[in-house]
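In: Predicted model follows, preceded by the sequence.
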Amino acid sequence: MRFDRLQATRWLTLIMGIITVLTGLALVFAPEWFFVHIGYYPPFNRHYEGDLGMFNLGIGAGLILAWRDPRRHRLMIGAAALGNVLHVLNHVYDSIISRATLAHWVSDGGPVLIGAVALVLAWWWAEPVDAAG
């Protein structure tokens, strides 16, 4: 069985789109829950949680729309990948300045890193469409 990069790209794009939309919905409609259970970075600010949720909804929707033809929407996947890589760097920065334990690095930054790697791979594997195609 041969590895199909385009099919893998579709799955990664769709899965990350769904995760990003669900994150956005949680931030918009259950910001206190999200703050307590997912992103506990005091102080709580409902407005900023909502802003972040709206951005996540837009990015997630873009990824979901891109999943059917990721080669034509490679720029969208690349923009989402860049945002996720920058998100990882923000977690690394916070972990360094707070002198976090290894457990914190893994539990806090690990899922974010996995998402960023998935989108970078999706972007990399989505071969650009040439002018004729």
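Out: Arrived safely.

In: Let me see the residues that make contact with stretch 109-129.
Out: Contacts to stretch 109-129, defined as CB atoms under 8 Å, 6 or more residues apart in numbering, come from residues 5-6, 8-9, 12-13, 15-16, 19, 70-74, 77-78, 80-81, 84-85, 87-88, 91-92, 95. C-beta coordinates here come from the backbone N, C-alpha and C atoms, glycine included.

In: Mind checking which of those residues land in strands?
Out: Residues of these located in strands (DSSP state E): none.

In: For PyMOL, write the selection for the buried entries among those.
Out: Buried residues among those (16 or more other CB atoms under 10 Å), as a PyMOL selection:
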select buried, resi 8+9+12+13+15+16+19+70+71+73+74+77+78+80+81+84+85+88+91+92+95
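
In: shaky segments in the protein?
Out: Applying pLDDT under 70 to the chain picks out residues 129-133.

In: if we look at stretch 22-36, which residues are touching it?
Out: Outside stretch 22-36, the residues within contact range by CB under 8 Å, 6+ apart are 38, 41, 44, 46, 49-50, 52-60.
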